[in-house]
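Peer 1: Requesting a structural model of the entry that follows:
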Amino acid sequence: MQAQAHPLEPFFHQAVRNSYEGKLGLHDPELTGYITRLLCDFSEGGNLYKVIDKTGRPIEDLKGMIEAADPIFGSASSFDAERSVRKCIGDYALFAGSMYSEAKDAERNGNRPSLEELIQAGKESYFIVSQFNLFEYETEAPLFARLSESFEFCLLGLALVHEELGLGKPPALAPKARWSLKRFSGPRLHLLSGRSIAEPESMYPAEFKLTRPPKVGAPTDRPSSVG
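Peer 2: Numbers count the residues shown, from 1 in each chain. Got it, this is the predicted structure:
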């Protein structure tokens, strides 16, 4: 029996398509569907911090979440549980990172991870999820590989969704975010700074990188953040 759709799903789905397809030129129904469901999930109170410690309390610290994902020393009771926790970390990092202005304010206060830390944790976590590619996880594995490979691109798309919904503006990206212009050929996107990422690459630091997701079914490489 198919699960009942969330009442906000049509609303979020349209906003996600407008941003990912209309503004970024990304046509990946599986990925946009996943982002839509992520927004529906986080629209419910208490769903942002799904990772729990050994006492059953939610973990709000990114480092604590990663430690909990360890099936040997953390609270994950098995490798399947590790996959589940890593998926939660990837979702959290993607959502929190897309609220960049808020994340930057929190970073100044020292009580939340930096954008760079969120990107690293998100890429690594989605990559680990993608390595569970047998049996019941085989169908989903390529999606998580794409999410890992182009985490920054997906993060920007979600930031544009926030802007469309009136929840914020696209991030004024700092050099340490490591976005890539190298393979981008999409429409002009105006960031909070007023610049367009389709402007000459010389305007940006060499390490500024924004990578378009690979085509569905294309091979992906292990992210550099995974040792």
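Peer 1: Output the lowest mean pLDDT helix or strand found in the chain.
Peer 2: Ranked by mean pLDDT, DSSP states H and E, the weakest helix or strand in the chain is helix 100-109, scoring a mean of 55.
Peer 1: elements contacting the next helix or strand along the chain from that helix?
Peer 2: Going down the chain from helix 100-109, the next helix or strand is helix 115-130, by DSSP states H and E. Helix 115-130 makes packing contacts with helix 62-68, helix 79-98, helix 100-109, helix 141-149, helix 151-164 when contacts are defined by 3 or more C-beta pairs under 8 Å, 6 or more residues apart in numbering; DSSP states H and E. C-beta here means a position set from N, CA and C on the backbone, and glycine is covered the same way.
Peer 1: Which one of those helices lies nearest to Glu117?
Peer 2: Closest to Glu117 of the helices and strands packed on helix 115-130 is helix 62-68 (C-beta to C-beta; 6.3 Å).
Peer 1: Buried residues of that closest one, list them for me.
Peer 2: Residues Leu62, Met65, Ile66, Glu67, Ala68 are the ones in helix 62-68 that count as buried (16 or more other C-beta atoms under 10 Å).
Peer 1: quick revisit: of the helices and strands packed on helix 115-130, which shows the lowest average pLDDT?
Peer 2: Among the helices and strands packed on helix 115-130, helix 100-109 carries the lowest mean pLDDT, at a mean of 55.
Peer 1: Now render the buried residues of helix 62-68 as CSV, adding distance to Ser75.
Peer 2: Output for these, formatted as CSV (distance: C-beta to C-beta, whole Å):
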residue, distance to Ser75
Leu62, 15
Met65, 10
Ile66, 12
Glu67, 9
Ala68, 5
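Peer 1: so which of the residues you listed comes closest to Ile52?
Peer 2: Nearest member of the buried residues of helix 62-68 to Ile52, counting by C-beta to C-beta, is Ala68, at 7.5 Å.
Peer 1: Give the full set of residues in contact with the closest one.
Peer 2: The neighbours of Ala68, taking C-beta atoms under 8 Å, 6 or more residues apart in numbering as the test, are Val51, Ile52, Asp53, Ile59, Gly74, Ser75, Ala76, Val85.
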